[in-house]
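A.B. asks: next comes the sequence, and after it the predicted model I'd like to discuss.
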Amino acid sequence: MTSATDLLTPLRRYWGFDSFRPLQERVVRSLMAGHDSCVVMPTGGGKSLCYQLPALVSEKTAGVISPLIALMQDQARQSVVMREAESGEYRLLYLSPERLARADTISWLKRVPVAFFAIDEAHCISEWGHEFRPEYRQLSCLRAHFPERPIAAFTASATQRVRHDILEQLQLREPHKYIASFHRPNLRYLVKECHDREQSSLLVRVLRNYPNANVIVYAPTIARVEETVDFLEEQGIAAVGYHGKMDTDTRRRNQERWTSDEVRVLVGTIAFGLGINKATVRAVIHLSLPKSIEQYYQEAGRAGRDGEAADCILLWQKRDTGLLAHFIEQVTDPAERERGWQRYHAIRRFAESGQCRHSQICSHFGEKTKWTSCAACDVCGCESQWLLKSMEAEPPARTQLSMPEVTHVQETSARAAESGITGADSELRDYIREWRREMSKEQGVPAYIVMHDTSLEDLCRRRPTSLAELLGVSGFGERKTELYGQSILDALSRFATGARAAPLPEKRTRPAEDTLRLLAEGRNFEEIARIRGRQLASVVGLVADLVEKGKLDFQSAWVDSDKQKSIESACARLGIQWLKPLKEALPPEITFEEIRLIVARLRQQKLRESA
Ligand code: ADP
Ligand code: MG
Ligand code: ZN
């Protein structure tokens, strides 16, 4: 293969893309020439293509190691696949790091015609990275087992130190280094420190700025995910939750409802998004301070992967720092604890210092920026209407649920129009989205596999009238056109003759109302949690809020009478403003939930007395 090898034809044919993204072609050619390489490219930059394309045009196999491959899905677990792999039938062989560490895997792989190894998410190999995975360390023997095979490392988040670690651990030989810029000019970073109540009202205010767009909200705990979903539903904003304790079916269904545009707001814990593939996310909102800049960059970076304007909003509270510090203190390994502190200080600096957010992120990753002011972050004067408004006094609402409706600020509508969220095509877009939802259900594949968001946008712009024209739409290669082409053309012509998407069914729930009804039916908290698909703590939290607001009477059956007495006397000594000191002062068998209920009752009493 020479540098003259035509790569555009396969790019067009298999992926339906017209051109390479920055660095892609150079990485592909370097891999084809047999060099080791280290590629650092932001999330969404298109790393997969860098190893998939050379594999496709070669007669050999690329061994792809990714932590996202669960051991169970590991391709190499079936004997048929193993045999076929040996005879070179696969261009891509995905392997989990655990699998690769096994001796029998190595001896088998030696019989597979491997062209090169691609290590995805390579920062997992470094203890200095924010996602260190011990099983990645075992990849360091890859070189010894396969001295002849090139190794290419790919990552989206690596400081200089982590890059150095990657090169060393994988024993790369004079690697070609490709480091894309970490600057994402289409993103606007807005950081705001806020109080508890203020945060909820800000969240609503922010979300109302993206009425028709996909948004991810990151919450720090499972309980916060559920509370936030309930809270938003109460505010008339449909949202789905996503966290690790959900049963797999619900989690998958929620993710699919969001990726197929049925529900626009997804509230998740950090666990969400490892494999997420949605390009048209217009905002990522964090409800607490992340553990590190790398983590923040990666999560916030899920916004605007289509290259259009998008916002990354960090609404943090002082108490987040206490919680982060608490977790770091629990780390037993002194070196790891020290690394935890360094990340902690870096993210605090990011949030608190008065320096351009874009340039802080770039310099964290060792990139020197030429500008000092970016015009796309809060520090550089990108003050938003909702940010300024929040400085006004908030009404004295004690709990989240009693928060009043906030005014709808449409300040980003200009940006939205620019980025094509609104405008003449929105009906067509809704219609094609509906088509995509139906197709994805019919075929049992995720919506983004049927058609990627960016393809959907391009399709609506170009409105092809023939299969040949459809091939010109981004993301439509031969296979996709063959699979869906006629069906899409039919949908487009139905639209042209007046067909429109049916309005989405209102599946809104009323968390408070539902809970009150279930209590009135005599259900206990566990039953309500099951019926409502919530964790027990979230149900009790909601009930406590209702008690505090005087919408529900406290029932003495909820908390054992001896415990009630202990909690009450602790409250008399320590006050009822904070729960944590109460929990610490009380015996461990008294739960947070029990304390919360009693405190709610006492607060309600106090409120009534002072009225
Ligand atoms: P990364 O692994 O770097 O986060 P992916 O490999 O998942 O990114 O690619 C992100 C998105 O960009 C995918 O939807 C992919 O189809 C798209 N993409 C990749 N390369 C190109 C290209 N040359 N032109 C258009 N879209 C591309
Ligand atoms: Mg990737
Ligand atoms: Zn700036």
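C.D. replies: Thanks, I have it. Here the structure is a predicted model, which means the values were calculated and not measured. Ligands and ions are numbered 1, 2, ... in the order given.
A.B. asks: now the helices for the stretch 301-450 of the chain?
C.D. replies: With DSSP state H, counting those that start in this stretch as the criterion, the stretch 301-450 of the chain has helices at 318-330, 334-352, 357-364, 385-389, 413-418, 426-443, 447-450.
A.B. asks: so which of those comes closest to ligand 1?
C.D. replies: Within the helices of the stretch 301-450 of the chain, the stretch nearest ligand 1 is helix 447-450; the backing value is 7.8 Å (CB to the nearest ligand atom). C-beta: built from backbone N, CA, C; applies to glycine.
A.B. asks: what's the offset of that closest one from the middle of its chain?
C.D. replies: Relative to its parent chain, helix 447-450 has a centroid offset of 18 Å by CA atoms, centre = their mean, to the nearest Å.
A.B. asks: is it up against ligand 1 anywhere?
C.D. replies: No. Against ligand 1, helix 447-450 shows no contacts by CB under 6 Å from any ligand atom, the least distance being 7.8 Å.
A.B. asks: now for the next helix or strand after that helix, which elements pack on it?
C.D. replies: As assigned by DSSP states H and E, the chain's next helix or strand after helix 447-450 is helix 453-462. Under the contact definition 3 or more CB pairs under 8 Å, 6 or more residues apart in numbering; DSSP states H and E, helix 453-462 sits against helix 426-443.
A.B. asks: what's the helix it packs on in contact with?
C.D. replies: 212, 256, 260-262, 446-447, 449-451, 456-457, 459-460, 463, 484, 487-488, 491-492, 495, 499-502 (CB atoms under 8 Å, 6 or more residues apart in numbering).
A.B. asks: and of the helices of the stretch 301-450 of the chain, who's closest to Cys377?
C.D. replies: Ranking those by proximity to Cys377 (CB to CB) places helix 357-364 first, at 3.9 Å.
A.B. asks: from the contact counts, what lies against the closest one?
C.D. replies: Under the contact rule (3+ CB pairs under 8 Å, 6+ apart), helix 357-364 is packed against strand 187-193, helix 293-300, helix 334-352.
A.B. asks: now distance to ligand 1, mean pLDDT and mean neighbour count too, for the ones you listed, in TSV please.
C.D. replies: Listed next are the helices and strands packed on helix 357-364 as TSV, based on distance: least, CB to the nearest ligand atom, whole Å; pLDDT from 0 to 100; neighbours: other CB atoms under 10 Å:
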stretch	distance to ligand 1	mean pLDDT	mean neighbour count
strand 187-193	15	95	21
helix 293-300	9	92	24
helix 334-352	22	95	16
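A.B. asks: dump these to CSV, plus distance to Leu428.
C.D. replies: Below are the helices and strands packed on helix 357-364 laid out as CSV (distance: least, CB to CB, whole Å):
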stretch, distance to Leu428
strand 187-193, 27
helix 293-300, 30
helix 334-352, 40
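A.B. asks: so which of the helices of the stretch 301-450 of the chain is nearest His145?
C.D. replies: Across the helices of the stretch 301-450 of the chain, closest to His145 is helix 334-352 (CB to CB), at 28.5 Å.
A.B. asks: which one, of the helices and strands packed on helix 357-364, ends up nearest to His123?
C.D. replies: helix 293-300 (7.7 Å).
A.B. asks: if we can go back for a sec, worst average pLDDT in the helices of the stretch 301-450 of the chain?
C.D. replies: Mean pLDDT values for the helices of the stretch 301-450 of the chain show the minimum at helix 413-418, a mean of 39.
A.B. asks: what does stretch 521-540 rub up against?
C.D. replies: Against stretch 521-540 from outside (CB under 8 Å, 6+ apart): 222-223, 226-227, 230, 245-246, 250, 511, 514-515, 518-519, 543, 558, 592-593, 596-597.
A.B. asks: on that earlier part again, buried subset of the contacts of helix 426-443?
C.D. replies: Buried members of the contacts of helix 426-443, counted by 16 or more other CB atoms under 10 Å: 256, 260-262, 446-447, 450-451, 456-457, 459-460, 484, 488, 491-492, 495, 501.
A.B. asks: mind listing the helices for the stretch 101-250 of the chain?
C.D. replies: So, for the stretch 101-250 of the chain - with DSSP H, counting those that start in this stretch - the helices run 103-109, 134-137, 142-145, 160-169, 196-207, 222-234, 248-259.
A.B. asks: just those: most buried one?
C.D. replies: helix 222-234 (a mean of 24; mean count of other CB atoms under 10 Å).
A.B. asks: that one: how far from the chain's middle?
C.D. replies: Taking mean C-alpha positions (CA atoms, centre = their mean), helix 222-234 and its chain are 17 Å apart.
A.B. asks: over to stretch 195-214?
C.D. replies: 18 Å.
A.B. asks: and the end-to-end length of that stretch?
C.D. replies: Using CA to CA, to the nearest Å, the end-to-end distance of stretch 195-214 comes out at 26 Å.
A.B. asks: got it, and stretch 48-68?
C.D. replies: In stretch 48-68, first residue to last residue: 13 Å (CA to CA).
A.B. asks: where does Glu405 land on pLDDT?
C.D. replies: Predicted confidence (pLDDT) for Glu405: 30.
A.B. asks: swap in the one 3 residues further on?
C.D. replies: Here the pLDDT value assigned to His408 is 28.
A.B. asks: who's in contact with the residue in the stretch 151-300 of the chain that ligand 3 sits nearest to?
C.D. replies: Residue nearest to ligand 3 within the stretch 151-300 of the chain (CB to the ion): Tyr189, separated by 7.3 Å. Neighbouring residues of Tyr189 by CB under 8 Å, 6+ apart: Ala300, Cys312, Leu314, Arg357, His358, Ile361, Ala376, Cys377, Asp378.
A.B. asks: of the residues you listed, which is the nearest to Glu478?
C.D. replies: Ala300 (35.7 Å).
A.B. asks: show me what the closest residue in space to the closest one that isn't next to it in sequence is bridged to.
C.D. replies: Ranked by CB to CB, 6 or more residues apart in numbering and with sequence neighbours excluded, the top spatial neighbour of Ala300 is Cys312, at 3.7 Å. Following DSSP bridges, Cys312 is listed with bridge partners Tyr189, Val284.
A.B. asks: doesn't Cys356 make contact with Val379?
C.D. replies: Yes. Counting by CB atoms under 8 Å, Val379 touches Cys356, with 5.3 Å between them.
A.B. asks: could I get the helices of the stretch 301-450 of the chain as a markdown table with distance to Glu294?
C.D. replies: Shown next, in a markdown table, are the helices of the stretch 301-450 of the chain (distance: least, CB to CB, whole Å):
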| stretch | distance to Glu294 |
| --- | --- |
| helix 318-330 | 14 |
| helix 334-352 | 8 |
| helix 357-364 | 8 |
| helix 385-389 | 25 |
| helix 413-418 | 27 |
| helix 426-443 | 33 |
| helix 447-450 | 25 |
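A.B. asks: any idea how far apart the tips of stretch 138-154 sit?
C.D. replies: 17 Å.
A.B. asks: do it and ligand 1 meet?
C.D. replies: No. Residues of stretch 138-154 are not located near ligand 1 by CB under 6 Å from any ligand atom, the shortest gap being 7.3 Å.
A.B. asks: now do that stretch, average pLDDT.
C.D. replies: On average, stretch 138-154 scores 95.
A.B. asks: residues from this structure in reach of ligand 3?
C.D. replies: Within the chain, the positions near ligand 3 by CB under 5 Å from the ion are Cys356, His358, Cys374, Cys377, Cys380.
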